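S.K.: Sequence and predicted structure, then a few things I'm wondering about:
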Amino acid sequence: MALTLVCSHPVFAGIVMTGTRVIYPADAREKSVQLSNTGTRPYIVQMQMDDGRPGDGQASDAFVLTPPIFRMEPGAGQSVRLRYVGKALPQDRESLFYLSFTQLPAATTAEQSGNQLVLAVTNRVKVFWRPRGLTDDAEAIARGLTLRLSGNTFHVSNPSGRFASVRRASLVVNGREIRLAESAMVAPKSTAEWRPSAPVSGLRGARLRLVLVNDYGSDVVTERVL
């Protein structure tokens, strides 16, 4: 019997990936990711790509993964190549995909002889397909975000061609910090809605505090007066 646990960080099992996200340059022939088995037993690993559409769960045929399935011994490493073979994508903004790797403990001879409850862990990481010319870094993206308050909802616009990966966003009003969003994304050239943790009557004198995630998975903190 096997149970599957899906998570967004490399935890609970022995297979980990170098980095927390993948940047795929549009002009690259392929992109490699590196996996390592930090555990004490072998694992069977299966790779899959999808486009993150809610309720879909279908693998995307826009990428070829090599190898798609393999065995990893304790302490071993494995390089997996991603190659984009799908249709043409917009050249003025990033496109988002998700890379999943499911790790299943390889059964020993003794374990094969009886019933075992096996936990299969699936990790998902974001893959950003990035056209040439999108040079904004996390600080520039943070500076470009604009907020408009309507009722008790903030409309957050991202004019950049890159995704704004927001670890945390808050508003500082009269020394009081009001949470706006956590673990959120604002897609390129689009608008998202954030609902504050407490009522906000106006933005006069307010400061916007943002923690964005850069290409390396590190936090970039900015603060500015609205």
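M.R.: Thanks, I have it.

S.K.: From here on, just use CA atoms for contacts and neighbour counts.
M.R.: Will do.

S.K.: where does the protein have low pLDDT?
M.R.: Counting by pLDDT under 70, the low-confidence segments of the chain come to 1-13, 54-58, 108-116.

S.K.: One more pass at 80, please.
M.R.: 1-13, 53-59, 107-118 (pLDDT under 80).

S.K.: so what does the longest strand belonging to it touch, helix or strand wise?
M.R.: The longest strand of the chain (DSSP state E) is strand 118-130. Secondary-structure packing of strand 118-130 (3 or more Cα pairs under 8 Å, 6 or more residues apart in numbering; DSSP states H and E): strand 2-7, strand 21-25, strand 95-105.

S.K.: As TSV, these with mean neighbour count and distance to Leu226 would be great.
M.R.: Listed next are those as TSV, based on neighbours: other Cα atoms under 10 Å; distance: least, Cα to Cα, whole Å:
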stretch	mean neighbour count	distance to Leu226
strand 2-7	12	36
strand 21-25	18	30
strand 95-105	21	29
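
S.K.: between the ones you listed, which one is nearest to Ile44?
M.R.: Ile44 lies closest, by Cα to Cα, to one member of the helices and strands packed on strand 118-130: strand 95-105, at 5.1 Å.

S.K.: what's the angle between the closest one and strand 118-130?
M.R.: Per axes from the mean of the first three to the mean of the last three Cα atoms, to 10 degrees, the angle that strand 95-105 makes with strand 118-130 is 160 degrees.

S.K.: on that earlier part again, closest to Met49 out of the helices and strands packed on strand 118-130?
M.R.: Going by Cα to Cα, the one of those nearest Met49 is strand 95-105, 4.7 Å.

S.K.: In the protein, mark out all the helices, start to finish.
M.R.: Secondary structure of the chain (DSSP state H): helices at 109-112, 138-144.

S.K.: before we move on, back to that, export the helices and strands packed on strand 118-130 to a markdown table and tack on distance to Arg176?
M.R.: Listed next are these as a markdown table, based on distance: least, Cα to Cα, whole Å:
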| stretch | distance to Arg176 |
| --- | --- |
| strand 2-7 | 33 |
| strand 21-25 | 33 |
| strand 95-105 | 35 |
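
S.K.: about what we covered before: list the buried residues for the longest strand of the chain?
M.R.: Residues of strand 118-130 classed as buried: 119-130 (neighbour count, 16 or more other Cα atoms under 10 Å).

S.K.: cool, stretch 159-174 as well?
M.R.: Buried, per 16+ other Cα under 10 Å, within stretch 159-174: 159-173.

S.K.: now stretch 75-90
M.R.: 78, 80-84.

S.K.: For Ala120, list each beta-bridge partner.
M.R.: Listed beta-bridge partners, Ala120: Thr4 (assigned using DSSP bridges).

S.K.: quick one, what contacts Pro68?
M.R.: Residues near Pro68 by Cα atoms under 8 Å, 6 or more residues apart in numbering: 46-48, 80.

S.K.: An error on my part: the question was meant for Pro199.
M.R.: Per Cα under 8 Å, 6+ apart, neighbours of Pro199: Asn152.

S.K.: go on, Arg148?
M.R.: 154-156.

S.K.: Give me the distance between the residue nearest to Phe154 when sequence neighbours are not counted and Ile178.
M.R.: The shortest distance from Phe154 to any non-neighbouring residue, by Cα to Cα, 6 or more residues apart in numbering, is to Trp194 (5.0 Å). As for Trp194, its distance to Ile178 is 12 Å (criterion: Cα to Cα, to the nearest Å).

S.K.: Same question for Ala62.
M.R.: 41 Å.
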